[in-house]
Every structure is written in C-alpha cells, then in structure tokens.
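> okay, sequence plus prediction incoming.
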Amino acid sequence: MTKSFRIGRLFGIEIEIDYTWFIVFVLLMVLVSTDILAKQLPGLALGTRWLVAAFTTVLFFASVLLHELSHSVVAKAQGLGISGITLFIFGGVSKMTDEPKSAGAEFKIAIAGPLMSLFLAVLCFGLRFAFRLAPSGAPFAVVFGWLGAMNGMLAVFNMLPGFPLDGGRVLRAGLWQSLANLAEATRIAATFGQGLGILMIVGGIFLFLISRDAGFLWLALIGWFLTQMAQSSYQQVVLRQALSGVPVTQAMTTQVQAVPGDITLDRVVNEYIMAYNHPAFPVLDGDRLLGLLCLSDIRRVAQERWSYVTAREAVPPLTEQYMIAPQADAWDALVRMTAENCGRLLVVEGGALRGIISRTDIMRLMRMRMQLGL
C-alpha cells in the first residue's frame, strides 16, 4: 500500500504528499498559533489566529514545494528523469531517476533550491515591510516575517556541506570536477553528510538534556535521517555504476511459471501463489501475454467468488509500466520497480514473454558481480 497520494502536476512533474506530512503540518500550525501569533498578536481572536496559522503553514509548505520544484525543473532541463516530488515529515524531496551527467549539471541542480529559498526569503521580508506600513496589516506582517526567516533558515541549512543536502551536492560537484570520479566524490561528500548528521544527533540530545526543550529532539531526529540518507545515497551510486550497461538478460529468470488465463482464482492461490511462494505471476492465453496478476489484484475480488472468477478476468490490462525489454539496463529495471512500487517486471520482446525479473534477481546479480570484482 502506497504511503503517499498525488495532489497535482506542475511543469510535467507529479506532486505527492506522504501521510507523515500531516503530522508536521499539524505540529507546525499549532506552533504558529500558540507561539508565534499568540506572543506577537495577543489581541487576535482565537478563531482568526487559527485561520492565520493554517494559512501560514500552507504558505510555508508552498515554499518547500517551490524549493524542490526548482531542483526538478533544472534537472529536467539537464536531461534527467524526474519521477515526482514528495512532501513528507522532514520537508520535501525531488525523486530523480538518473544521476547528473556532469559536475556542472550537478552544481546547477543543487544550487537551484537554495537560490529559490533565498529569493523567497527576500520577497517575504519585503512583504513584511509593506504590510507593517498598511492599516490592519499587522497579522500579515508577522506571517511574512516568520516565512522570511524560515526560508532564510531553509537556504542556510540546505547549504551545509553534507550529502545529500544541497550543500553536500555542491561539494560533490566540486570533488567530481577535481577527481573525475563520481563514486569517490559521492563517498567523500556522503562521509561529510554522516558526520554532520552525527553532530546534529549528539548536539540535539545534549541541548535537550540541558534545556529540556523538546524542540532539540527534532534536531536529533533530522540528524538521524541525514545519516541514513547519506549512506543510502552513496550505496545507490555504487549500485547504479555496477548495474549500468548490464542487460536485463543477465539477471532475469527465463523459466517462467505462467498462469493459464482460464483457471479460477482459488486454483491460482493454491497451485501457484502458495506452491511457489511468489506474489505475482504472468497470465497467458495460449501464447498471448495478458498481464501480470498480483496478490493485490486477487484481493480485490471477494473470496467467495474465487471459485468461478478466472485469472483472465482478474488480471489488469497489460501496460508498459510492468514491461521491460531484454536489452534494457538492469539499473533501469530497478528504477522502474522502485518508481512503480512493484517487485517484478515482465521481460517482453515483440509482444512475447521472454522472462521475468525481480529485485531479488538484481540483488543476486549485484552480489555476483561484486564477488567477481566486475
């Protein structure tokens, strides 16, 4: 089950919200209402204060979205694939399906977000000044003053030299340019990221112990997240370099156990899913490939109907998202599985099923190549 849902599309880029985003949205709205507005505008009516707090929180996350959108738009201009932007508990992330082709491209993509946040900070401070001069403009002056400060902090924090923060990506671009080795540049920048994350964890816990301010625990939590992201980002680069140029045929399973289209779902469950312990099977009508039948497709059919609903009737129509060509890169297959949130792809050539490839197949290939030093 997906943890995020789509809210729209901007510049051809899908925008999603992770369910964890609602946690920080509520917490931030409470902070703005009970701390920022209550202290600076004590005479503001309670209902109005909460409305202004909600409006402020929406604008803040719009700023985060613009920050990530800047990365994504520049990345698309550099020829990189973008599967979307997700807003979640720690802010937002642009999901690039490729690594930048050069150090220069990496620098342009990395710097775009902080520059957008800096621009928004200046804009908000300008609006704060304007509203301070306007009659009844005090609430908006407070709102835009806070937003200006937050966007300024967002720009500064993201420019810290720890990968995968924007500053870490700028650092990686410089190292890449000087070392001419993306993996080594990523390793060094990721080490900085892990070091920065550890400092944030230790500092956050220490400050909490001496001040009893729970806000410092949030700093420690962000530090933990940064250390995990730094490590996984480096592993992803290593994995990509190992799998790029390796065809799907080296990892796929050719002896595919396919389900005949005319058998019922109770037989699919008992004779295939339970017998072979696989979550999905291709469905064939003779030699014609109908699609990939997954556990989720079977669960959509009431269990009492499994004895007469056939695999042909339950399988979704065959679409490109679940197919890949034999000559495609194993890395591309892994990216597709991640982007589409599916664990396997059908290897199809000329409309005929040639094999099936799963994450397990790719990891097995990766381990073998590493053991052989390839």
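Noted; the coordinates are in hand. Predicted model only: the values in this text are computed from it and were never measured.
> below-threshold pLDDT in the stretch 251-374 of the chain: ranges please.
Within the stretch 251-374 of the chain, the stretches with pLDDT under 70 are 339-342, 374.
> 90 instead, please
Where the stretch 251-374 of the chain drops to pLDDT under 90, the residues are 251, 253-257, 276-280, 285-288, 291-292, 294-297, 316-323, 329-345, 349-353, 358-374.
> show me where it has its helices.
Ranges of helices within the stretch 251-374 of the chain are 265-268, 274-276, 295-299, 311-314, 330-340, 359-372, based on DSSP state H, counting those that start in this stretch.
> save the ones you listed as JSON lines, and put in mean neighbour count too.
(C-beta placed from N, C-alpha, C; glycine too.) Output for these, formatted as JSON lines (neighbours: other C-beta atoms under 10 Å):
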{"stretch": "helix 265-268", "mean neighbour count": "20"}
{"stretch": "helix 274-276", "mean neighbour count": "10"}
{"stretch": "helix 295-299", "mean neighbour count": "14"}
{"stretch": "helix 311-314", "mean neighbour count": "20"}
{"stretch": "helix 330-340", "mean neighbour count": "19"}
{"stretch": "helix 359-372", "mean neighbour count": "14"}
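> distance to E320 added to those helices, as CSV?
CSV is the format used below for the helices of the stretch 251-374 of the chain (distance: least, C-beta to C-beta, whole Å):
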stretch, distance to E320
helix 265-268, 24
helix 274-276, 26
helix 295-299, 18
helix 311-314, 20
helix 330-340, 10
helix 359-372, 19
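> wait, which of these is closest to G145?
helix 330-340 (39.8 Å; C-beta to C-beta).
> nearest to S94, of the helices of the stretch 251-374 of the chain?
Closest among the helices of the stretch 251-374 of the chain, once you apply C-beta to C-beta, is helix 330-340, at 13.2 Å.
> where exactly do the helices run in the stretch 51-200 of the chain?
103-133, 138-158, 166-179, 182-211.
> ranking those by burial, who's on top?
The highest mean neighbour count among these, using mean count of other C-beta atoms under 10 Å, belongs to helix 166-179: a mean of 21.
> quick one: list the elements packing against that helix.
Counting by 3 or more C-beta pairs under 8 Å, 6 or more residues apart in numbering; DSSP states H and E, the packing neighbours recorded for helix 166-179 are helix 103-133, helix 182-211.
> ok, and what's touching it?
Contact with helix 166-179 is made by 71, 103-104, 106-107, 109-111, 113-114, 158-163, 182, 184-186, 188-190, 192-193, 230, as judged by C-beta atoms under 8 Å, 6 or more residues apart in numbering.
> which of the helices of the stretch 251-374 of the chain sits closest to G215?
helix 330-340 (33.8 Å).
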